[in-house]
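# need the 3D shape of this:
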Amino acid sequence: MTDRVRFAPSPTGYLHVGSARTALFNWLHARSVGGTYVLRIEDTDAERNRPELTRALLDELEWLGLDWDEGPHLQSERRDRHREVVEDLLDRGLAYLCDADNAEVAGTSLVDGLAVRFRMPDDRTVAFDDVVRGNVSFDTADLEDFVVWRSNGTPMFLLANAVDDADMGITHAIRGEDLLSGVPKVLLLLDAIGAPRPTYAHLPLLVNASRQKLSKRRDDVAMGDFRERGYLPEAMVNYLALLGWGPPDDIEVRSWSACSRGWTRRRGRPRRSTPASSTAWSTWSRRSCARWPTSSGSSTSSSSRSRPTTRSRGRRSWSTAPRRPRCSTGRRPL
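Residues are numbered from 1 along each chain as shown. Below you'll find the predicted structure:
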């Protein structure tokens, strides 16, 4: 079976640098194994979605060179399918209607003004094997009956995510670890509709120098801002590729084709990655990316400055440019 991955952003803000890394890792996996890269826009939150943000998101992905094989699919156009699944869950007693006080309401058909909750099974352990984190398990006794259909007639993220992954044949879900806690609920939904489970890989989050999750209120996180400052897309892709992954030969500046050839999904201790400061990033980008290697290995610049050389053990040294600041990492508690 051909591997199928997806990048599924929500158009409620501009493309975040962490989301760009997720898009890149999915793209690298698809290209390294000859798989399919699906782009899906999860626009079910009508109150926060803005068309101009969707256009900006597509533009930034194109600028980075992360081309997709299918899509972009709009999740909002699949609402009838989501409704069909919820009605089936109600009919089989796997979900129930509830009012504003979260009290169960009798009935097996959707009713305007009433939400629908998935009925959490008793005394079960939901376990799965994560490529990054290893075996992960949750006890259903610690999980609540969760909402799958809003009272305004729209699907919740978990329901739409599970149904769309199943219908689109997604085999691998590569995404941030902030979504890890929702996996058991998605797996229960997939089991309920008789769909196969994808392979999960939850990436460590990007944090700032203070070990805090990157925030748009205090950190540089919008890809468009880096683009406006003159960063090369090759620099952004290369830098992001090294946040949470490292090539076995330790050569840091490499072409896109070389990245895709050397890409592997490796299990290891989950660690949060800290991007270098804007000043250090700018210095590395300016001095190295002007001589970016093409797929054939030649430089993209005709400059007479020295190019990187490779030592006998595969470690790169610059004759005219300092070594790129390495990402600092810290152990992520399990």
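# give me the element residue 138 is part of.
strand 134-139 (DSSP states H and E).
# which strands or helices does that strand pack on?
strand 125-130, helix 183-192 (3 or more CB pairs under 8 Å, 6 or more residues apart in numbering; DSSP states H and E). C-beta coordinates here come from the backbone N, C-alpha and C atoms, glycine included.
# save those as a markdown table, and put in mean pLDDT and distance to residue 92 too.
Putting the helices and strands packed on strand 134-139 into a markdown table (pLDDT from 0 to 100; distance: least, CB to CB, whole Å) gives the following:
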| stretch | mean pLDDT | distance to residue 92 |
| --- | --- | --- |
| strand 125-130 | 97 | 19 |
| helix 183-192 | 98 | 8 |
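# which of these is buried the deepest?
helix 183-192 (a mean of 21; mean count of other CB atoms under 10 Å).
# longest helix of this structure?
helix 17-33 (DSSP state H).
# just the buried residues of that helix, please?
For helix 17-33, a neighbour-count test (16 or more other CB atoms under 10 Å) marks 17-32 as buried.
# mean confidence for that helix?
For helix 17-33, mean pLDDT rounds to 94.
# do the same with stretch 240-253
Rounded mean pLDDT across stretch 240-253 is 76.
# repeat for stretch 51-64
Mean predicted lDDT for stretch 51-64 stands at 94.
# what's the spacing between that stretch and its chain's center?
Its chain's C-alpha centre and that of stretch 51-64 lie 16 Å apart, by CA atoms, centre = their mean, to the nearest Å.
# show me the contact partners of that stretch.
Contact with stretch 51-64 is made by 7, 9, 11-15, 20, 23-24, 39, 41, 43, 68, 72, 223-224, 227, 233, 236-237, as judged by CB atoms under 8 Å, 6 or more residues apart in numbering.
# mind giving me the ChimeraX command for buried ones among those?
To isolate the buried members of the contacts of stretch 51-64 in ChimeraX, using 16+ other CB under 10 Å:
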select :7,9,11,13,14,15,20,23,24,39,41,43,68,72,223,227,233,236,237
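# in strands only, show me the contacts of stretch 51-64.
7, 39, 41, 72 (DSSP state E).
# how deep is residue 114 tucked in, by neighbour count?
17 (other CB atoms under 10 Å).
# pretty sure it sits against residue 152.
No - using CB atoms under 8 Å, residue 114 is not in contact with residue 152, being 10.5 Å away.
# helix/strand/coil for the residue lying closest to residue 179 once chain neighbours are set aside?
Leaving aside its sequence neighbours, residue 179 sits nearest to residue 202 (CB to CB, 6 or more residues apart in numbering; 6.9 Å). With DSSP: H, G, I helix; E, B strand; the rest coil as the basis, the three-state label of residue 202 is strand.
# would you mind measuring from the residue lying closest to residue 195 once chain neighbours are set aside to residue 215?
Using CB to CB, 6+ apart and skipping the chain neighbours, the partner closest in space to residue 195 is residue 166 (3.5 Å). To residue 215, residue 166 is 33 Å away according to CB to CB, to the nearest Å.
# between those two, who's got more neighbours?
More crowded of residue 166 and residue 215, by other CB under 10 Å: residue 166, with 19 against 10.
# contacting residues for the nearest residue to residue 33 once chain neighbours are set aside?
Excluding its sequence neighbours, the residue lying closest to residue 33 (CB to CB, 6+ apart) is residue 3, at 5.1 Å. Residue 3 makes contact with 29, 30, 33, 35, 36, 171, 172 under the criterion CB under 8 Å, 6+ apart.
# go with 7 Å
Listed by CB atoms under 7 Å, 6 or more residues apart in numbering, the contact set of residue 3 reads 29, 30, 33, 35, 171, 172.
# I'd say the first one and residue 174 touch.
Yes - contact criterion CB atoms under 7 Å: residue 29 and residue 174 qualify, at 6.3 Å.
# circling back to that earlier point, the one helix or strand the residue nearest to residue 195 maps to: what's the following helix or strand?
Counting by DSSP H and E, the element that carries residue 166 is helix 157-167. Once helix 157-167 ends, the next helix or strand along the chain (criterion: DSSP H and E) is strand 172-176.
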